[in-house]
Structures are given as C-alpha cells and as structure tokens.
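Peer 1: below are the sequence and a predicted model; questions follow.
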Amino acid sequence: MIVLNVISYILVLLGAVNWGLFGIWNFNLVGWIFQGPRTVGSIITYIVIAVAALWLIISPIITGRGLLLSSHRREEQTQN
C-alpha cells in the first residue's frame, strides 16, 4: 500500500504542476506532451491523476491510520 501511496502522490504532484503552469502561463503540460488536451493519451492521464487523488483521499479512511509514505511510521506506531 505504501508504493501505491507514493505513486499516487507523484501523480497528484504532476497534476498540480500542470494546473500551476496552466494558471500562470496558459501552458498545458499534459496537452503538450500528448499533442492536444483532448487526445486519448491526455484523457487517460487526466483520469489516472484523478483516480490517484481519490485514492489519497480514501486511503487514510481505509487504513484508519493516516496516509503512509514509509514503513518507519508504522514501526513507530507499533512501538508505542
């Protein structure tokens, strides 16, 4: 589950960078990479980023422990 959280975190950061570039300079990075904002590659990327964001929202609820990004946090909780 930690690997899925880290991948989701990276994807959400990519989405945030894309929104920042679009808001500041009107440049769509994902659209530029896939040669258009409504191409199949762009749409799949947007969907994957949205699913990653939803996972980061529901992951702490499922685990009941918050968002885990490393195994060190789990070890600290078991020692206490």
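Peer 2: Received, thanks. A quick note: this is a predicted structure, and the numbers were derived from the prediction, not measured.
Peer 1: any idea how far the residue most central in space within the chain is from Gln35?
Peer 2: Closest residue to the average C-alpha location of the chain: Val12 at 2.6 Å, with Cα atoms, centre = their mean. Separation of Val12 from Gln35 (Cβ to Cβ, to the nearest Å): 24 Å. The way it works is simple: take the backbone N, C-alpha and C, and place the C-beta from them, glycine included.
Peer 1: can you check Thr45 too?
Peer 2: Distance from Thr45 to Gln35, by Cβ to Cβ: 13 Å.
Peer 1: and those two? which has more neighbours close in?
Peer 2: Between Thr45 and Gln35, counted using other Cβ atoms under 10 Å, Thr45 has the larger neighbour count: 20 against 9.
Peer 1: I'd assumed Ala53 was in contact with the residue nearest to the centre of the chain.
Peer 2: Yes: if you go by Cβ atoms under 8 Å, Val12 and Ala53 touch, sitting 5.2 Å apart.
Peer 1: thinking again about what came up before, what's the helix or strand harbouring the residue nearest to the centre of the chain packed up against?
Peer 2: Using DSSP states H and E, Val12 maps to helix 2-25. Applying 3 or more Cβ pairs under 8 Å, 6 or more residues apart in numbering; DSSP states H and E, one finds that helix 2-25 contacts helix 29-33, helix 40-63.
Peer 1: pull the CA atoms of it into CSV?
Peer 2: What follows is helix 2-25 as a C-alpha-only set of coordinates in CSV (Å, rounded to 0.1, in the frame of the first residue of the first chain):
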residue,chain,number,x,y,z
ILE,A,2,3.0,2.3,0.6
VAL,A,3,4.1,2.0,-3.0
LEU,A,4,0.6,2.9,-4.2
ASN,A,5,0.5,5.9,-1.9
VAL,A,6,3.9,7.2,-3.2
ILE,A,7,2.8,6.7,-6.9
SER,A,8,-0.4,8.5,-6.2
TYR,A,9,1.4,11.3,-4.5
ILE,A,10,3.7,11.7,-7.5
LEU,A,11,0.8,11.7,-9.9
VAL,A,12,-1.1,14.3,-7.9
LEU,A,13,2.0,16.5,-7.9
LEU,A,14,2.2,16.2,-11.7
GLY,A,15,-1.4,17.3,-11.8
ALA,A,16,-0.7,20.2,-9.5
VAL,A,17,2.3,21.3,-11.6
ASN,A,18,0.1,21.1,-14.8
TRP,A,19,-2.6,23.3,-13.1
GLY,A,20,0.1,25.8,-12.0
LEU,A,21,1.6,26.0,-15.4
PHE,A,22,-1.8,26.4,-17.0
GLY,A,23,-2.8,29.1,-14.5
ILE,A,24,0.3,31.2,-14.7
TRP,A,25,1.4,30.8,-18.3
